[in-house]
Every structure is written in structure tokens, then in C-alpha cells.
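>>> Everything below, folded, please.
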Amino acid sequence: MTIFLFFIVSIIIIIASLLVILSKNPIHSVLFLILVFFNSSIIFLFSNAEFIAMVILIVYIGAVAVLFLFVVMMLDINVAKLRQGFLNYLPTGLLVGFIILFELLYVVSKSELNQNPNVNNKFSEKIVDNTLIIGKVLYTEYFLLFQISGIILLVAMIGSILLTLRKREGVKKQSIHKQTLKK
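As a prediction, the model looks like this:
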């Protein structure tokens with residue numbers, strides 16, 4: 001049953017990926033991209049990688065895809081202009097695509113994937129889920145880097161807020177400091 005569901009989800013990913021590229025409406029393309037991300041997280045759930053599945057749901061769907069959707073909706077994109085000259089780039093795109101496909105097949109054929117599944121690591125003695133392992137590694141070995149990345153994200157958030165603040169002329173606003181001094 002799991003293999004059947006895996007193939008169904010994989011077929012949905014392939015079809016939705018093609019529709020991302022072939023859709024004429026950019027909003028529909030972003031919605032198909034969200035469908036691809038959602039089904040990719042289901043594939044990771046089948047692989048017992050629940051942390052990666054949740055990260056895909058939260059980061060890619062929750063942030064990136066919704067941001068793409070809002071940008072596409074805010075911008076008035078002329079689809080007809082974007083499609084002009086599209087076929088001129090088709091031979092180059094196909095050539096690059098086949099080169100990348102050949103390189104991927106070559107690397108996979110020469111790699112040692114699953115050659116030795118009994119490789120011992122520090123977590124192989126106990127059966128522990130991925131989230132617990134990632135949490136232990138993040139908060140023990142990489143604690144300082146984790147905190148620094150949090151500070152960088154905080155600074156980026158404050159910077160984006162400061163960039164959006166503008167002082168406009170003619171705006172009525174209230175100054176609490178001046179009102180309290182008038183007593």
C-alpha cells in the first residue's frame with residue numbers, strides 16, 4: 001500500500017512540476033509549485049524523515065511559495081511579452097538539460113550509494129527519530145552557530161522593518177512625549 005501511495009504522489013509531483021513550467025498564468029504556476037512542495041514533504045514522510053517534511057512545509061510553502069504568490073499577484077506581468085521568443089531558446093535549453101541529465105546519471109552510476117548499509121555512526125546503536133537527532137546535534141555541538149544564525153535573522157528582520165519605515169509629509173500623528181510635557 002505504501003509503494004502504491006509513493007507512486008501516486010510521485011506522479012502528482014511530476015505532473016505538477018510540468019504544469020509549473022507549462023502554465024501560462026504565473027499565479028497557476030506558483031500554485032502548482034505549492035502542490036509540488038506539499039507532495040515532496042509527503043515523500044519525506046514516507047522515508048521517515050519527518051523533520052525535513054515539516055521544514056519543507058513551513059519554509060517552502062509557508063514562506064517562499066506564498067511570497068512568490070504575493071509578488072506575482074502584486075506585479076502586473078504581461079504574459080504575452082514573456083512568451084515572445086520562447087522557442088528561440090528551446091534548443092539551448094534542451095542541450096543544457098541533456099548535459100545535466102547525463103552528468104546526474106554518470107554521478108549516480110559511479111557513486112557508492114548503499115554499498116555498505118552497515119556503516120556505524122554514533123546514532124546507529126539506538127533507534128531514534130530524526131527530529132531528536134537533529135535537535136541533539138543542533139543544541140549540543142552547534143549551539144553557538146545556531147544562536148548566531150538566530151541573531152542574524154533578527155537583525156535581518158529589524159533591517160527590513162526599518163527599510164519600510166518612511167517619514168511622509170502632511171501626515172497627522174500623535175507625539176505622546178510632547179503631550180505629556182504640555183501639562
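>>> contacts and neighbour counts: CA atoms only from here.
Will do.
>>> Distance of residue 93 relative to residue 29?
As judged by C-alpha to C-alpha, to the nearest Å, residue 93 and residue 29 stand 19 Å apart.
>>> between the two, which one's more packed in?
residue 29 (22 against 12; other C-alpha atoms under 10 Å).
>>> could you list every residue that touches the closest residue to the more buried one other than its chain neighbours?
Counting by C-alpha to C-alpha, 6 or more residues apart in numbering, residue 20 is the residue found nearest to residue 29 once chain neighbours are left out, at 4.3 Å. Counting by C-alpha atoms under 8 Å, 6 or more residues apart in numbering, residue 20 touches 28-30, 32-33.
>>> Residue 20 sits in which helix or strand?
With secondary structure defined by DSSP states H and E, residue 20 is part of helix 2-22.
>>> CA-only coordinates of that helix in PDB, if you can.
Written as PDB, here are the backbone C-alpha positions of helix 2-22 (Å, rounded to 0.1, in the frame of the first residue of the first chain):
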ATOM      1  CA  THR A   2       2.900   2.400   0.800                       C
ATOM      2  CA  ILE A   3       4.500   1.700  -2.500                       C
ATOM      3  CA  PHE A   4       1.300   2.400  -4.300                       C
ATOM      4  CA  LEU A   5       0.900   5.700  -2.500                       C
ATOM      5  CA  PHE A   6       4.500   6.500  -3.200                       C
ATOM      6  CA  PHE A   7       3.900   6.100  -6.900                       C
ATOM      7  CA  ILE A   8       0.700   8.200  -6.800                       C
ATOM      8  CA  VAL A   9       2.500  11.000  -5.000                       C
ATOM      9  CA  SER A  10       5.500  10.800  -7.400                       C
ATOM     10  CA  ILE A  11       3.200  11.000 -10.400                       C
ATOM     11  CA  ILE A  12       1.500  14.100  -8.900                       C
ATOM     12  CA  ILE A  13       4.900  15.700  -8.300                       C
ATOM     13  CA  ILE A  14       6.000  15.000 -11.900                       C
ATOM     14  CA  ILE A  15       2.700  16.300 -13.400                       C
ATOM     15  CA  ALA A  16       2.600  19.400 -11.100                       C
ATOM     16  CA  SER A  17       6.300  20.100 -12.000                       C
ATOM     17  CA  LEU A  18       5.500  20.100 -15.700                       C
ATOM     18  CA  LEU A  19       2.500  22.300 -15.100                       C
ATOM     19  CA  VAL A  20       4.700  24.800 -13.200                       C
ATOM     20  CA  ILE A  21       6.800  25.200 -16.300                       C
ATOM     21  CA  LEU A  22       4.000  25.000 -18.900                       C
END
